[in-house]
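In: could you look at this predicted model? Sequence included:
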Amino acid sequence: MKNLMKGLLTLAVAAFALTPAFAYPDVSPNHWAAPQIKLLSEQGVVVGYPDGTFKPDENVTRAEFASMAIKALGQEHAQVAQPVNFTDITPDFWAYDAIQKALYFDLISCPASGQPFRPEDSVSRAESLSVAVNALTTEQISVQKAREVLARKYADAAIVPEWFIIPAGKAEILEMLVVIPSAEKVRVEADRPATRAEVTAILFNMMEQAKLNPNAKLAEAMRKKTGEGYVVEGATVQGSIGTIPAGSLVPVVLTDYASSQTSQAGELFTAHAAQNFITKEKFILVREGATLKGQLLDVRKGQWFVRNGVLVLDNALITTTNDQTTRFTGVAEICKDRNWFMKFVRTVFKGEKLDVKPTSTVYLKLLKPVKVDLTNGWILE
């Protein structure tokens, strides 16, 4: 069992280290939406099919899009106090929570009593672009201004649905109105079902704009989260991104017993963050409860007059409270606190034994810097 678990950890680490630059065989690197598909796939906003393909030209349902939009904005864990009732979805529907959150954050309009949501209908370009615009705080424009903006570029500007004219105009002003570059004539195509590639590009634009000008509810939800905890010396903040520099020491609590006398190199260990890791400004970098996994890197028995015991832990992965698993590389060299006399004794009369009991705290030294989105705790690759 230990060998099996060791193999699984090795495979997991290898998967993170060897992930190809582009993962979908049906999306070439020069596809017009390839950069957006790659980025949002890495962040779990969009996902491929079980056969490994992305199917960029397939459509997206309204329920799927609501779920994608909430993930793109990092609000999967937001709480909605008063859900809205629809005639065609119930609380056990897979996207019920995401739809309720989309309503709460004003991405979609609150329906009249007894109105259906149509979760299995394909989301249109107009609907998806409206959600993207609704996520933002934008300057107000008139219908006339919106028509003028659209008429400058789009062949079908005159037939854009009335309800969508202002959102379309705002999207164009913000350079968010996604069109396929290879199209012969540039059209809004408001009522056409949006493809997976188009949806991904729209969500990417929404994410970028929301970092600058989110709507009022999102602004509150997307603020950098603060709390008490262990202050990581040297951690820096730039905008909404926090960085734990390489060489930082962070305390983790081991789950299992480890000993220089009985443990073996290569054995797996698990640990967890018993408190938040925070910046000096109290912005949360890693939340309490995150799980760390690695293996014993170097284990040597302490022997009298030969050597002191050696016990070194090599951490590989972290699973955050957002259920994100990613690399978190660091080492912890176990040693005992000793006064000057015992340091002298152990230098001359070797043989010290090392052990770490469950619930013991060890300090992990990071080998690489770690960047964190301080609004949602997402660790950035």
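Out: Arrived safely. Residues are numbered from 1 along each chain as shown.

In: and Ile202, that's in a helix?
Out: Yes: inclusion of Ile202 in a helix is indicated when DSSP: H, G, I helix; E, B strand; the rest coil is applied.

In: and Val60, what does it touch?
Out: Val60 makes contact with Met68, Ser122, Val123, Ser128, Pro193, Ala194, Thr195, Arg196, Val199 under the criterion C-beta atoms under 8 Å, 6 or more residues apart in numbering. To be clear about C-beta, it is placed using only N, CA and C from the backbone, and glycine gets the same treatment.

In: check Met207 too.
Out: Ala72, Leu73.

In: one more time with 7 Å
Out: Shown in contact with Met207 (C-beta atoms under 7 Å, 6 or more residues apart in numbering): Ala72.

In: could you grab the helix/strand/coil label for it?
Out: helix.

In: residue contacts, the residue lying closest to Leu40 once chain neighbours are set aside?
Out: Nearest residue to Leu40 in three dimensions, chain neighbours excluded: Val46, at 4.7 Å (C-beta to C-beta, 6 or more residues apart in numbering). Val46 is in contact with Ile37, Leu40, Met68, Thr200, counting by C-beta under 7 Å, 6+ apart.

In: need the contact list for the last one.
Out: Neighbouring residues of Thr200 by C-beta under 7 Å, 6+ apart: Ala33, Gln36, Ile37, Leu40, Val46.

In: the strand or helix carrying the third one: what's the following helix or strand?
Out: To tie it back to what came earlier, the one meant is Ile37. Taking DSSP states H and E as the definition, one finds Ile37 inside helix 34-42. Scanning forward in sequence from helix 34-42 by DSSP H and E, the next helix or strand is helix 62-72.

In: that next one - what's its average pLDDT?
Out: Here helix 62-72 scores 96 as its mean pLDDT.

In: C-terminal to it, what's the next element?
Out: Moving toward the C-terminus from helix 62-72, the next element (DSSP H and E) is helix 96-104.

In: what's that following helix packed up against?
Out: helix 62-72 (3 or more C-beta pairs under 7 Å, 6 or more residues apart in numbering; DSSP states H and E).

In: what about Pro29, how many neighbours?
Out: Counted with other C-beta atoms under 10 Å, residues neighbouring Pro29 total 9.

In: one more: Ala81?
Out: Ala81: 6 neighbours (other C-beta under 10 Å).

In: same check on the one 4 residues further on?
Out: Applying other C-beta under 10 Å, we find 11 residues neighbouring Asn85.

In: I'd like the distance between the closest residue to it other than its chain neighbours and Val60.
Out: Closest residue to Asn85 apart from its sequence neighbours, by C-beta to C-beta, 6+ apart: Ser113 at 7.7 Å. Distance, Ser113 to Val60, using C-beta to C-beta, to the nearest Å: 27 Å.

In: which stretches of the stretch 251-381 of the chain form helices?
Out: Remark: helices assigned in the stretch 251-381 of the chain by DSSP state H, counting those that start in this stretch are 340-348.

In: for it, just list every one of the strands.
Out: With DSSP state E, counting those that start in this stretch as the criterion, the stretch 251-381 of the chain has strands at 258-259, 268-272, 277-278, 284-286, 291-300, 310-319, 325-333, 355-356, 361-366, 370-373, 379-380.

In: strand partners of the last one, parallel vs antiparallel please.
Out: Each strand pairing with strand 379-380, determined using DSSP bridges, is listed with its direction: strand 370-373 (antiparallel).

In: got the contact list for the partner strand?
Out: Ser240, Ile241, Gly242, Thr243, Ile244, Leu285, Phe328, Ile379, Leu380.

In: please list only the buried members of those residues.
Out: Gly242, Thr243, Ile244, Leu285, Phe328, Ile379 (16 or more other C-beta atoms under 10 Å).

In: contact partners for the most centrally placed residue in the chain?
Out: By C-alpha atoms, centre = their mean, the chain has its centre lying nearest to Trp378, at 3.9 Å. By C-beta under 7 Å, 6+ apart, the contact set of Trp378 is Gly74, Asn322, Gln324.

In: related to what we said a few turns ago, hey, C-alpha coordinates of the helix holding Ile37 in CSV?
Out: Output in CSV follows, covering the C-alpha atoms of helix 34-42 (Å, rounded to 0.1, in the frame of the first residue of the first chain):
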residue,chain,number,x,y,z
ALA,A,34,-6.4,29.0,-28.0
PRO,A,35,-4.9,31.3,-25.3
GLN,A,36,-8.2,31.8,-23.6
ILE,A,37,-9.1,28.1,-23.7
LYS,A,38,-5.7,27.2,-22.3
LEU,A,39,-5.8,29.7,-19.4
LEU,A,40,-9.4,29.0,-18.4
SER,A,41,-8.9,25.2,-18.6
GLU,A,42,-5.9,25.5,-16.3
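
In: now do that helix and helix 62-72, the angle between them.
Out: In terms of direction (axes from the mean of the first three to the mean of the last three C-alpha atoms, to 10 degrees), helix 34-42 departs from helix 62-72 by 80 degrees.
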